[in-house]
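S.K.: here is my input; please provide its structure:
(one chain, ligands or ions: 2)
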Amino acid sequence: MSAAAPAVRAVNLVKIYQTGGLPVPAVRGVDLTVEAGEFVAIMGPSGSGKSTLVHMLGGLDTRTSGEIWIEGTRADTLSESGWALLRRRNIGFVFQFFNLVDNMTVADNVELPALLGGSTAKHARERREYLLGELGLTGKADVAPSRLSGGEQQRVALARALSNHPRVLLADEPTGNLDSRNTRDVLRLLGEVHRQGQTIVLVTHDARVAGLADRVVTLLDGQIVDDGAIGLPRRRTKGGPGDVVELRG
Ligand SMILES: Nc1ncnc2c1ncn2[C@@H]1O[C@H](COP(=O)(O)OP(=O)(O)O)[C@@H](O)[C@H]1O
Ligand SMILES: [Mg+2]
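M.R.: Numbers count the residues shown, from 1 in each chain. Ligands and ions are numbered 1, 2, ... in the order given. The predicted structure is shown next:
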């Protein structure tokens with residue numbers, strides 16, 4: 001593992017779902033390198049493979065073929081327990097559907113990844129207080145997640161994903177259920193942790209969220225059709241569909 005290794009690297013990554021015998025290609029040969037400290041937004045229409053891609057990058061879905069590297073370590077060949085260990089140490093994940101543990105308080109949900117990652121109880125508590133504070137959730141620390149609104153649960157899920165200072169934050173539409181004020185809180189926190197060096201790979205439909213990123217990658221039918229730094233000339237990775245995708249505005 002070298003310090004210069006990219007945070008995340010996918011090489012010719014492919015996912016073909018087999019449902020009822022009918023193959024559904026969801027990700028079709030994605031090459032993606034995310035450098036340490038980079039903030040990459042993944043955009044694209046519904047069904048273009050965004051969730052499948054980030055799930056594979058976090059080991060939550062198996063790949064059909066191709067390679068995944070996390071910080072210079074080959075990850076796609078890991079067992080489920082190997083992935084679990086890698087996630088505990090290196091990856092924070094915000095799911096589209098939160099996956100909070102309801103028989104634990106909000107505070108315990110947020111502290112759990114830090115404690116599993118080896119933080120002291122004091123550090124885990126301080127980190128939780130900081131994250132819930134930034135997200136306007138200080139008053140909700142002692143309740144069960146099911147007592148919260150969808151938008152509140154989504155922010156708790158973000159706090160949980162950041163609690164163990166993950167090397168990489170993977171997030172699938174983390175503002176999908178938020179009104180504009182809460183979106184602002186999430187944007188402020190994402191910007192802040194990014195400035196502190198947090199690597200972020202985030203799926204979003206929201207141009208304001210993508211606007212915070214260093215780079216926007218656009219998927220269409222399971223392939224990257226556009227990959228460019230904000231404000232710089234875009235690199236077209238493939239001919240054809242890339243030519244009709246326009247991200248500006
Ligand atoms: N578990 C699954 N089984 C079969 N097909 C799936 C499954 N999950 C996603 N797909 C299909 O894979 C494609 C990409 O889906 P997804 O990654 O969820 O796209 P997005 O997140 O961009 O909306 C879609 O055609 C979707 O129907
Ligand atoms: Mg999705």
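
S.K.: how about the residues of the protein near ligand 1?
M.R.: Y17, T19, V24, A26, G44, S46, G47, S48, G49, K50, S51, T52 (CB under 6 Å from any ligand atom). Yep, even glycine has a C-beta here, placed from its N, CA and C like the rest.

S.K.: skipping adjacent residues, who's closest to the fifth one in space?
M.R.: In this structure, G44 finds its nearest non-sequential neighbour in L219, 3.6 Å apart by CB to CB, 6 or more residues apart in numbering.

S.K.: kindly report the same for the last one.
M.R.: Counting by CB to CB, 6+ apart, A26 is the residue found nearest to T52 once chain neighbours are left out, at 4.2 Å.

S.K.: my read: the one you found touches K50, true?
M.R.: No. A26 lies out of contact with K50 (CB atoms under 8 Å); the separation is 9.6 Å.

S.K.: which one's more surrounded, these two?
M.R.: Taking other CB atoms under 10 Å, A26 and K50 do not tie; K50 has more neighbours (26 against 22).

S.K.: spit out the contact partners of the more buried one.
M.R.: By CB atoms under 8 Å, 6 or more residues apart in numbering, the contact list for K50 reads I42, M43, G44, D172, V203, L219.

S.K.: how much space between the spatially most central residue of the chain and Q196?
M.R.: By CA atoms, centre = their mean, the chain has its centre lying nearest to L170, at 1.7 Å. For L170, the distance to Q196 equals 17 Å [CB to CB, to the nearest Å].

S.K.: and for L116?
M.R.: L116 sits at a distance of 21 Å from Q196 (criterion: CB to CB).

S.K.: show me where pLDDT drops low in this structure?
M.R.: 1-3, 231-249 (pLDDT under 70).

S.K.: identify the residue spatially nearest to P113, adjacent ones excluded.
M.R.: N164 (4.2 Å).

S.K.: next, format the contacts of K50 as a markdown table and append secondary structure and neighbour count.
M.R.: Converted to a markdown table, the contacts of K50 look like this (DSSP: H, G, I helix; E, B strand; the rest coil; neighbours: other CB atoms under 10 Å):
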| residue | secondary structure | neighbour count |
| --- | --- | --- |
| I42 | strand | 30 |
| M43 | strand | 23 |
| G44 | coil | 23 |
| D172 | strand | 23 |
| V203 | strand | 26 |
| L219 | strand | 26 |
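
S.K.: rewinding a little: if I pick the residue nearest to G44, what's in contact with it?
M.R.: Here L219 is in contact with V30, I42, M43, G44, S48, G49, K50, L53, V225 (criterion: CB under 8 Å, 6+ apart).
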